[in-house]
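1. Quick check, what structure comes out for this input:
(chains A and B, ligands or ions: 2)
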Amino acid sequence: MLWVDKYRPHTLDKVMVHVQEAQHLKNLIAQGDCPHLLFYGPSGAGKKTLIMALLREMYGIGAEKVKVENKPWKVEAGNRKLEIDLTTVSSNYHVEFSPSDAGFQDRYVVQEIIKEMAKSRPLDVSGTKGFKVLVLNEVDKLSREAQHSLRRTMEKYSSACRLILCCNSASKVIEAIRSRCLNIRISAPTKEEIVAVMQHVAKKENLQLPMGLAGRIALLSNRNLRAALLSFEACYVQQYPFSENQAVQATDWEQYVTEIANDIVTEQSPKRLFQVRGKLYELLSNCIPPEIILKRLLVELMRKLDSELKREVCHWAAYYEHRMQLGQKAIFHLEAFVAKFMSIYKRFLIATFG
Amino acid sequence: MMAMAPMQQSSQQWVEKYRPKQVKDVAYQDEVVRTLTNTLETGNLPHLLFYGPPGTGKTSTALALAHQLFGPVLYKARVLELNASDDRGINVVRTKIKDFAAIAVGNSNAAGDYPCPPFKIIILDEADSMTEDAQNALRRTMETYSKVTRFCFICNYVSRIIEPLASRCAKYRFKPLNEEIMTTRIKFVCQEEGIQLNSEALSTLSKVSGGDLRRAITCLQSAARLYGSSISSDNIISVSGVVPDEILDSLLVACKSGQFDKAQGVVTNIIAEGHPASQILSQLFDIVVKASDITDEQKARILERIAETDKALIDGADEFLQLLDVSSNTLGAFCNLARETSAF
Ligand SMILES: Nc1ncnc2c1ncn2[C@@H]1O[C@H](COP(=O)(O)OP(=O)(O)O)[C@@H](O)[C@H]1O
Ligand SMILES: [Mg+2]
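-> Ligands and ions are numbered 1, 2, ... in the order given. As a prediction, the model looks like this:
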C-alpha cells in the first residue's frame, strides 16, 4: 500500500492537519441536527480524508465497510429511457459518487437517482443518526441545470438525508446550493504541516528524514499533501539512506511542461510551434487536464519573464483558458496561447535587442 | 441497502423547523400576506406569480397557503408541487401537469376546518429553470382548466417567465428582508435554541446574509454546531464563506506596490487557502466602488475586468487564472501602466 493510503488518518482524533476543523466536526455531530455540508478547497488538501473520518465518527467502523459498484441506472428522461453508468461506493450508511460522471446527462442523475436515494425509506438499524448520507463529489463540475435541480431536494428530503458535497472551487457552485449548506473551507496544508506529516510517516517507517530534504519536498509539492507524500515515497525508492541534498524529482508531466516552456523561450517560430503542439498532445493523451497544463505552463514561463511582460502574458493565459472551457478541443486553445506568447515575446526581444 | 433509524425530532434542520407554517407568519411581505389572508376567507384565488431573491419566503408562502386551504386530508389530492428537482420538460407539461389540471373536483367540504375551495393548486417552484418551450406548452393547460386549477409560479427573476403566462397571474414581489426583521427573526431562533449572540455577531450575521433569511438561519445553525452556543462575529464570518478583510487588504497592498510577483504570491496563497474567487471578486468590487483614494478612471478600469471575469467564472474558467488576471489588471490601474492589450 502506498504511504498516502497507509497513513491516512481514519478518525477525527487522529488527523494531523485541519485539527481545528476536525474538532469542529466532532462538535457538529455531537448534536443530532447536522446541516448539509459543503467541503471546498484545493485538491490534495485533505477534504476526502475529513469526510471519511466524519462518516466513521457518525456511524462507527461500519462506515468503512464499503463496496464499490459500477452499474447502469435506468432513468426516465421525458419519454425516453436512458441508461446511465455510475460508480458508487457505499456502506450501510452512506453512498458516495460523482454525479458529474454522467456528463451532459447529469441533470437526470440529480432528478431521478439522487432524489430517489434521498427519499427512499431506509431500513431500521440501530446506531444510525436518523438520517443517511449522500456524498457527492465534484459538484463544481455539475451543470447549472443539475445544480438547480438539487436545490429543492436538499430542503424537501432533509429529514431523512444529509448531503455532503465536495468540490475544489466553490465559485462554480451556485449560491442557492451554497446557502443551503454549512460551508467548510479546507485550505491546503502549509509547508510546515506537510513537513510534520512526513516526519510522522518517517518515524512510523523507521526512517531518518533530513530536514532539508523534507523542506524541499514540501516546497515542491505546492502545498499538496498527497503530492508531497507520493514524492517522499519516490525519493525513498530512489535512495535510502536519504541525504540532505538528494534530488527531488518533479512528476514526469511537470518536467515535460518545464521542457515545453524552455522550447518556447528559446525559439519562436512556426516550426517550433508545431513541435510544441506535438508535446502538448502527448500530455493531453496522458490525461493531464488541459487547464492544469496551461496553469503550469504559465507559471513556468513567468519565471523566465521580465516583469513588464507578465501582466500581458497572464491576461492571455486567462483569456485562452476561458475560451477552452467554452470550446470543445482543448488543443486549439493551448496552441493559441503558445502562439500568442511567442508573438509577444518575440516583439519584446526585437524591441529590446533589435 | 441503506439503513436508518426512525427520524428524531432533533435532526431537523433549523430552516425547516422555523419555516412559517401559516401565511400570516411570513414576515415582511405584507402585500401578499394581506391578499392571501383574504383568499383564505373567501376562497377566491387568482393564478399567482411569486418572484424575488432567495430566502425571502416564496416557497414557504405557497406551501403554507396550500396547507391552510386544504388541510392534511385533501392536500395530496388537491396540490401538485413540482420544482427544479423534477423533470418539467415539455412531455411532463403535456402529461403529468395536464392530467392533474384536468381532474374535476367535487364540492367536498369534507375536511372540517379548512376552506377547501373547489379547485386544485399546481405549484411550480423554481420556475426560472423551465424552458421556454415547456412554458409555452403550459399556456393551453392554464386556459383550458382555469375553472378547476390555479397555478402558482415561483421564481427569482420575473423576466424568466414568458409574458403570456406572467400576464395571467397576480404578481407579487418578495423583498429582501430588512435588517430589523432579520434581527428579530434571528433573535427569536437564538432564544428558542438557547444561543448567545452578541450584538456585533448579530449585525455581522444580518450583513453577510443580505436579506436572505435562509442563509442567516443556516449560518446560525452552522456556527452553533461548530463553535457551541456562544457565537462570535468571527465564527459567523468563517461559516458564511465571506473572506476576511485582511486577505483583501493584502491583495490590494500587493497591487498598489506595482510588483507583479508580489500580487502573484498573494493570489497563489488565496487559492491555496481555498477562498472562492467569486467571493473575492464581489468583496473587491465593494471596496473599489467605495474607495476614495482611487480615481474614477482607475475604478472603471478595475471594474470592467471584474465584470468580464465574473462571466468567465460562470462559464467555468479557472479561478487562479481569472483572479490573477483581475489582480494584474488592478495593479496596472493603480500604477497607471499601459493596458496589457494595448499593443494589439
Ligand atoms: N418572509 C419570511 N418570514 C419568515 N421566515 C422566512 C421568510 N423568508 C424566509 N424565511 C426563512 O427562510 C427559509 C427559506 O424560505 P423559503 O420560503 O424557502 O425561501 P424562498 O423565497 O427562497 O423560496 C424558511 O424556512 C424560513 O425559515
Ligand atoms: Mg424556494
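
2. How is the chain divided into domains?
-> Since you didn't name a chain, this refers to chain A. A:3-185, A:194-238, A:252-353 (automatic domain parsing).

3. ah, I was thinking of chain B
-> Taking the TED database as the criterion, chain B consists of the domains B:14-173, B:179-240, B:245-335.

4. Make a markdown table from these and add mean pLDDT, mean neighbour count and distance to ligand 1 to it.
-> For every residue, glycine as well, the C-beta is placed using N, CA and C. Below are these laid out as a markdown table (pLDDT from 0 to 100; neighbours: other Cβ atoms under 10 Å in any protein chain shown; distance: least, Cβ to the nearest ligand atom, whole Å):
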| stretch | mean pLDDT | mean neighbour count | distance to ligand 1 |
| --- | --- | --- | --- |
| domain B:14-173 | 90 | 18 | 3 |
| domain B:179-240 | 93 | 19 | 4 |
| domain B:245-335 | 95 | 19 | 20 |
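
5. Does residue 336 belong to a helix, a strand or coil?
-> You didn't pick a chain, so chain A it is. Classification of A:Ala336 by DSSP: H, G, I helix; E, B strand; the rest coil places it in helix.

6. that's the other chain; I wanted chain B
-> Three-state assignment for B:Asn336 (three-state DSSP): coil.

7. Pull the number of nearby residues for it.
-> The number of residues packed near B:Asn336 is 11, by other Cβ atoms under 10 Å in any protein chain shown.

8. excluding its backbone neighbours, what's nearest it?
-> B:Gln298 (7.8 Å; Cβ to Cβ, 6 or more residues apart in numbering or on different chains).

9. residues in contact with A:Gln147?
-> By Cβ atoms under 8 Å, 6 or more residues apart in numbering or on different chains, A:Gln147 lies in contact with A:110, A:139, A:173-174, A:176-177.

10. whoops, A:Leu334 was the one
-> Counted by Cβ under 8 Å, 6+ apart, A:Leu334 has contacts A:280, A:290, A:293-294, A:320, A:324.

11. just the buried members of these?
-> Neighbour counting by 16 or more other Cβ atoms under 10 Å in any protein chain shown classes A:280, A:290, A:293-294, A:320, A:324 among the contacts of A:Leu334 as buried.

12. Could I get the CA-only coordinates of stretch B:314-329 as PDB?
-> Only the C-alpha atoms of stretch B:314-329 are listed here, as PDB (Å, rounded to 0.1, in the frame of the first residue of the first chain):
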ATOM      1  CA  ILE B 314     -19.600  31.400 -14.600                       C
ATOM      2  CA  ASP B 315     -18.500  29.800 -17.900                       C
ATOM      3  CA  GLY B 316     -16.300  27.500 -15.800                       C
ATOM      4  CA  ALA B 317     -12.900  29.300 -16.300                       C
ATOM      5  CA  ASP B 318     -10.100  28.600 -13.900                       C
ATOM      6  CA  GLU B 319     -10.200  30.500 -10.600                       C
ATOM      7  CA  PHE B 320      -6.400  31.000 -10.300                       C
ATOM      8  CA  LEU B 321      -6.000  32.400 -13.800                       C
ATOM      9  CA  GLN B 322      -9.000  34.700 -13.500                       C
ATOM     10  CA  LEU B 323      -8.100  36.000 -10.200                       C
ATOM     11  CA  LEU B 324      -4.500  36.600 -11.300                       C
ATOM     12  CA  ASP B 325      -5.800  38.400 -14.400                       C
ATOM     13  CA  VAL B 326      -8.000  40.700 -12.200                       C
ATOM     14  CA  SER B 327      -5.200  41.400  -9.800                       C
ATOM     15  CA  SER B 328      -2.700  42.100 -12.600                       C
ATOM     16  CA  ASN B 329      -5.200  44.500 -14.200                       C
END
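
13. can you tell if it touches chain A?
-> Yes - using Cβ under 8 Å from any Cβ of the partner chain, stretch B:314-329 reaches chain A at B:315-322, B:324-325, B:328-329.

14. any chance of these in a markdown table, with secondary structure and distance to A:Asp13 too?
-> A markdown table is the format used below for the residues of stretch B:314-329 next to chain A (DSSP: H, G, I helix; E, B strand; the rest coil; distance: Cβ to Cβ, whole Å):
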| residue | secondary structure | distance to A:Asp13 |
| --- | --- | --- |
| B:Asp315 | coil | 42 |
| B:Gly316 | coil | 38 |
| B:Ala317 | coil | 40 |
| B:Asp318 | coil | 36 |
| B:Glu319 | helix | 33 |
| B:Phe320 | helix | 34 |
| B:Leu321 | helix | 39 |
| B:Gln322 | helix | 39 |
| B:Leu324 | helix | 39 |
| B:Asp325 | helix | 42 |
| B:Ser328 | helix | 44 |
| B:Asn329 | helix | 46 |
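
15. Just confirm B:Leu82 contacts B:Ile97, I think it does.
-> Yes - counting by Cβ atoms under 8 Å, B:Leu82 does reach B:Ile97; the two are 7.3 Å apart.

16. quick one: common contacting residues for these two?
-> Here B:Leu82 and B:Ile97 have B:88, B:122 as joint contacts, going by Cβ under 8 Å, 6+ apart.

17. lowest confidence element among the helices and strands of chain A?
-> Within chain A, no helix or strand scores below helix A:115-119, which has a mean of 80 by mean pLDDT, DSSP states H and E.

18. After that helix, which helix or strand is next?
-> strand A:132-136 (DSSP states H and E).

19. before we move on, back to that, in ChimeraX, how would I select just the buried ones from the contacts of A:Gln147?
-> In ChimeraX, this line selects whichever of the contacts of A:Gln147 come out buried by 16+ other Cβ under 10 Å:
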select /A:110,139,173,176,177
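
20. Give me the subset of the contacts of A:Gln147 that also touch ligand 1.
-> By Cβ under 6 Å from any ligand atom, no member of the contacts of A:Gln147 lies near ligand 1.

21. how about JSON lines for the contacts of A:Gln147, with distance to chain B and secondary structure added?
-> Shown next, in JSON lines, are the contacts of A:Gln147 (distance: Cβ to the nearest Cβ, whole Å; DSSP: H, G, I helix; E, B strand; the rest coil):
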{"residue": "A:Val110", "distance to chain B": "7", "secondary structure": "helix"}
{"residue": "A:Val139", "distance to chain B": "13", "secondary structure": "helix"}
{"residue": "A:Val173", "distance to chain B": "8", "secondary structure": "coil"}
{"residue": "A:Ile174", "distance to chain B": "10", "secondary structure": "coil"}
{"residue": "A:Ala176", "distance to chain B": "6", "secondary structure": "helix"}
{"residue": "A:Ile177", "distance to chain B": "10", "secondary structure": "helix"}
